[in-house]
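> Just to be clear, the model below is a prediction. Sequence and coordinates:
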Amino acid sequence: MAGTSSGCNPDMAPSVWLCPEPEASALPCPRWLTEYERTTVAKFSGPRQREYLSSRWLIRQAIGHGSKCPARECEPVSGRPVASVRPKGWHLSLSHSGGISGCAVSDQPGIGLDLEPLNRHPHWQKVVRRWFTRTEQDWLLANDSHEDFLRVWTLKEAWLKATGRGIAGNLQTLEVRPDFSLYGDRHDSGWQAASGELEGFLVTLVYQRDHILLPSGGLLAGPTADLDLDRVVPTESPLPFSWHRPIEPGN
């Protein structure tokens, strides 16, 4: 099993960390940002800038929780933050929704996170008819359950992130059947999915492991207005992953 090269001891289970964005209307650009991050955040303003800065704070906290290294010593790669630069060997997936940021971290590749408010997609039937498989359309429309739709939607989003693909043309590469058995288009083993509810959000993670292993994580107290990385950040609520399924090769 791959680990880090930093000498920090990794958690073997993937973890997911959430945080609310600060309520301040404007946030400073902290000194710990990389040059790439400074250039990127300068292109944003308002809520988009606040989201970006908050997520960069969370990424460092998430890597720190996984690697047991101080958050200030953690750094993602430039561009899409799918891995760590410091300490090396960590794989990441980021999600935002409704003023909440989430970051999943794993010491193995193949990880995808999606979080959605439980009340999102009031007209979900249109999405099902346009983008889902015929099997999914039949049972979801017959059940008429927004909760079932939302779980299927987050599973598909997390699957595409974990396998490195976008939504366009790929939503049917994971099929969810009426008993919530999962079938993907990958033939390597160990793919699995887990989800749980926290603070009005459904949080879904897709990841790859050689054996059954439930994720951990929780909701962190959000960053202060100065985005301080040195303060001790308590976990306000644990994230209960109460639902879990393997992802089988498609047939």
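Yep, it's here.

> what about the strands in the stretch 51-200 of the chain?
Remark: strands assigned in the stretch 51-200 of the chain by DSSP state E, counting those that start in this stretch are 75-76, 84-86, 91-97, 100-106, 111-117, 174-176, 182-184, 191-198.

> ranking those by burial, who's on top?
For these, the largest average neighbour count (mean count of other Cβ atoms under 10 Å) is found in strand 100-106, namely a mean of 27. (Glycine included, C-beta is placed from N, CA and C.)

> Paired strands for that strand, with orientation please.
As defined by DSSP bridges, the strand partners of strand 100-106 come to strand 15-20 (antiparallel), strand 91-97 (antiparallel).

> which residues are contacting that strand?
14-21, 51, 54-55, 58-59, 61-63, 65-66, 90-96, 111-113, 115, 199, 201, 203, 205, 207, 215, 217 (Cβ atoms under 8 Å, 6 or more residues apart in numbering).

> coming back round to it: adding mean pLDDT and distance to residue 37, write the strands of the stretch 51-200 of the chain out as CSV.
Formatted as CSV, these follow (pLDDT from 0 to 100; distance: least, Cβ to Cβ, whole Å):
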stretch, mean pLDDT, distance to residue 37
strand 75-76, 98, 9
strand 84-86, 97, 12
strand 91-97, 97, 13
strand 100-106, 97, 15
strand 111-117, 97, 20
strand 174-176, 98, 32
strand 182-184, 97, 33
strand 191-198, 97, 27
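
> Export those as JSON lines, with columns for distance to residue 151.
Below are the strands of the stretch 51-200 of the chain laid out as JSON lines (distance: least, Cβ to Cβ, whole Å):
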{"stretch": "strand 75-76", "distance to residue 151": "28"}
{"stretch": "strand 84-86", "distance to residue 151": "29"}
{"stretch": "strand 91-97", "distance to residue 151": "15"}
{"stretch": "strand 100-106", "distance to residue 151": "16"}
{"stretch": "strand 111-117", "distance to residue 151": "10"}
{"stretch": "strand 174-176", "distance to residue 151": "8"}
{"stretch": "strand 182-184", "distance to residue 151": "11"}
{"stretch": "strand 191-198", "distance to residue 151": "6"}
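
> and the closest residue to residue 212 other than its chain neighbours, what are its bridge partners?
Among residues not flanking residue 212 along the chain, residue 192 sits closest, at 7.0 Å (Cβ to Cβ, 6 or more residues apart in numbering). With beta bridges defined as DSSP bridges, residue 192 has these partners: residue 207, residue 246.

> Report how many residues lie close to residue 173.
17 (other Cβ atoms under 10 Å).
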